[in-house]
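> Quick check, what structure comes out for this input:
(chains A and B)
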Amino acid sequence: MLKINGTDSDSAGKTVEQYIAETNYNLSRIAVEINGEILPKSLYGSTVLHDGDTVEIVGFVGGG
Amino acid sequence: MNDDKLILGGKAFSSRFILGSGKYSLSLIEAAVRDAGAEIITLAVRRANTKEHENILDYIPENITLLPNTSGARTAEEAVRIARLARELGCGDFVKVEIMRDSKYLLPDNNETVKATEILAKEGFVVLPYMYPDLYAARDLVNAGAAAVMPLASPIGSNKGLATKEFIQILIDEIDLPVIVDAGIGRPSQACEAMEMGAAAIMANTALATAGDLPLMAAAFKAAIEAGRKAYLAKPGRVLTRGASASDPLTGFLHN
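Take a look at the predicted model:
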């Protein structure tokens, strides 16, 4: 298992690109961090998720 | 007046009204930006929604500069992390550093803010730090490479106005960076007063979000900020300590 945005996920073995496509995130509106490190978009296709990873997928919302 | 620009990070802005985008419907953003005449809008970074949800970026006109904040950060380290993620989202180098360890009054932690500002300025960010108006902290922010300082007028979201007026004036007089009054401004008259004092710009969000007619209040703020700026540039007249001073001729009276 790994954690994606605070929730348990069994996506180990998938690439970030696959995960994002399956979960219907808009690629141009997100940033991804794995274990505290920002993952550049160019590496989404070659980066595989592993058990124990902590992944954050973030975007902009309204704020002051 | 046409060449009276607000310069932040080498970029020139005609508008001195920085608009918040929190706590109101996405469908109002376009009208708010238009009627505020705003060229900068603030945003927050949060865990992303999927495509079924609307995205705020689809509602913000193209030529608007985005100013992501680091809300949610409790330390310099967390603020730096959020700022880097914001930049990775691909909308420029501007960041409003806000760091709070207190959830009741939402007061900024000036020490952590200085630390984050120093790190982010070195990484090439245009850093606009939200701060408690303290002269020493403001000087530290200048040395840390801030592009402006953003002192609070009163607690965030309170609409209470210029509770820290005297201390903001000290920053305006002593700090050689734009002083952008942020947080707590609830009425156009308060925004106007801050601009008359020499503030470089006003940031407002709750004042608009809690107004009955948001775009109309945005227009009211725009007019007030422009009026205050003009008054500042015109150099306001003196105030008498006591007594009066006639505006009319003291000769030619219809008696004696």
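
> what's the distance between the residue of chain A found nearest chain B and A:Ile30?
Taking Cβ to the nearest Cβ as the measure, chain A has A:Gly63 as its residue closest to chain B, at 2.7 Å. (C-beta placed from N, C-alpha, C; glycine too.) In this structure, A:Gly63 and A:Ile30 are 17 Å apart, going by Cβ to Cβ, to the nearest Å.

> now do B:Ser14
Noted for B:Ser14: a distance of 32 Å to A:Ile30, by Cβ to Cβ.

> and those two? which has more neighbours close in?
Neighbours were counted for B:Ser14 and for A:Ile30 using other Cβ atoms under 10 Å in any protein chain shown; A:Ile30 has more, 24 against 12.

> Give the partner strands of the longest strand seen in chain A in its sheet and their orientations.
The strand of greatest length in chain A, counted in residues with DSSP state E as the criterion, is given as strand A:54-62. Strand A:54-62 pairs in its sheet with strand A:2-4 (parallel), strand A:31-34 (antiparallel), strand B:40-47 (antiparallel), by DSSP bridges.

> Could you double-check that the residue of chain A closest to chain B lies in contact with B:Thr42?
Yes. Applying Cβ atoms under 8 Å as the test, A:Gly63 and B:Thr42 come out as touching, 5.9 Å apart.

> returning to that earlier point: now do the buried residues in the longest strand of chain A.
Of the residues in strand A:54-62, those buried by neighbour count under the rule 16 or more other Cβ atoms under 10 Å in any protein chain shown are A:55-62.

> Now the residues you listed in TSV, please, with extra columns for pLDDT.
Written out in TSV, the entries for the buried residues of strand A:54-62 read as follows (pLDDT from 0 to 100):
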residue	pLDDT
A:Val55	97
A:Glu56	97
A:Ile57	97
A:Val58	97
A:Gly59	96
A:Phe60	96
A:Val61	95
A:Gly62	94
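
> ok, how many other residues are close to A:Thr15?
By other Cβ under 10 Å, the residues close to A:Thr15 number 16.

> OK, contacts around it?
For A:Thr15, the set of contacting residues under the criterion of Cβ atoms under 8 Å, 6 or more residues apart in numbering or on different chains consists of A:44-49.

> same thing but 6 Å
Contact analysis of A:Thr15 by Cβ atoms under 6 Å, 6 or more residues apart in numbering or on different chains lists A:45, A:48.

> Chain B contacts on chain A?
Within chain A, the residues that sit near chain B (Cβ under 6 Å from any Cβ of the partner chain) are A:5, A:24-26, A:29-31, A:38, A:57-64.
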